[in-house]
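Visitor: dropping a prediction and its sequence here:
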Amino acid sequence: MDKSYEAEFAELVAAKGAALRRTAYLMCADWHLAEDLVQTVFVKVHLHWRRIKRQETFDAYLRTTLFRAYLDTRRAKWRRETPAEYLPELEAPGTEPGDDRDVLVAALRRIPPRQRAVLVLRYWEDLSVEETARLLGCAAGTVKSQAARGLAALRPLLAGTPFESVTAEH
C-alpha cells in the first residue's frame, strides 16, 4: 500500500479502535482477548482495505468481522498461545475502582455467549433486531428469543444494583 492508504488506515484504527475494543470486551469479558480480537479485525481489514473502505456499511462490516473473530475463539478446541501462570496487575482501560460497569460485565460473563452477543449488539451497539440477525446469521425471531432469555438471566444477577431498573424495562 502507498502512504495515503496507510494514513487512511491509521485514521481508521484511531477512530474505531477504542469502540471496537469496548464491544469486544462486552462479548468476551476479557480485556486481553478483546485486544486480540480487535487486532484480528484490523489485520483482516488491512488485507482488503482498498476494496472495503468504500462500503456504505463499513461499521457493520467491522462489527461482523469482530463477532466472527469472537465466535472463532469460542469454537476453538485448542489455542495456539499458552497462558502465563501469572499476569501483571493492570487496570482495565476506562474503568475506575468500584465502577458500575464492573457489575454489568460480571453479570454478562455469567450468561451464555450467544445471549451475551445478542444483548451487546442490541443494547450496547443499539442495533435493530434485523441488523443483529443479519450480523449473527440467524432469524429475527432467534434474536428476540435470545434477547428475552438473556435479559431474564441478567435480572436476578443485577438485582440490587443500579442496573436493576434497566433490565426490568426491556
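Guide: Ah, there it is.

Visitor: which parts of the longest helix along the chain are buried?
Guide: If you go by DSSP state H, the chain has its longest helix at helix 3-28. By 16 or more other C-beta atoms under 10 Å, the buried positions in helix 3-28 come out as 9, 12-13, 16, 20-28. Quick note: C-beta positions are derived from backbone N, CA and C, even for glycine.

Visitor: which among those gets closest to L37?
Guide: Proximity of those to L37 (C-beta to C-beta) peaks at A24, which lies at 4.3 Å.

Visitor: can you count the residues close to the spatially closest residue to T161 that is not a sequence neighbour?
Guide: Distances taken as C-beta to C-beta, 6 or more residues apart in numbering place V103 nearest to T161, at 5.0 Å, with adjacent residues excluded. By the measure other C-beta atoms under 10 Å, the count of residues near V103 is 16.

Visitor: do the same with the one 5 residues further on
Guide: By the criterion of other C-beta under 10 Å, L108 has 25 neighbours.

Visitor: do you have the helices of the protein handy? List them.
Guide: Secondary structure of the chain, counting by DSSP H: helices at 3-28, 31-47, 49-52, 58-75, 100-109, 113-119, 129-136, 140-157, 164-169.

Visitor: just these: most buried one?
Guide: For the helices of the chain, the largest average neighbour count (mean count of other C-beta atoms under 10 Å) is found in helix 113-119, namely a mean of 22.

Visitor: that older thread, reformat the helices of the chain as TSV; add mean pLDDT.
Guide: Output for these, formatted as TSV (pLDDT from 0 to 100):
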stretch	mean pLDDT
helix 3-28	86
helix 31-47	90
helix 49-52	75
helix 58-75	83
helix 100-109	83
helix 113-119	90
helix 129-136	90
helix 140-157	92
helix 164-169	65
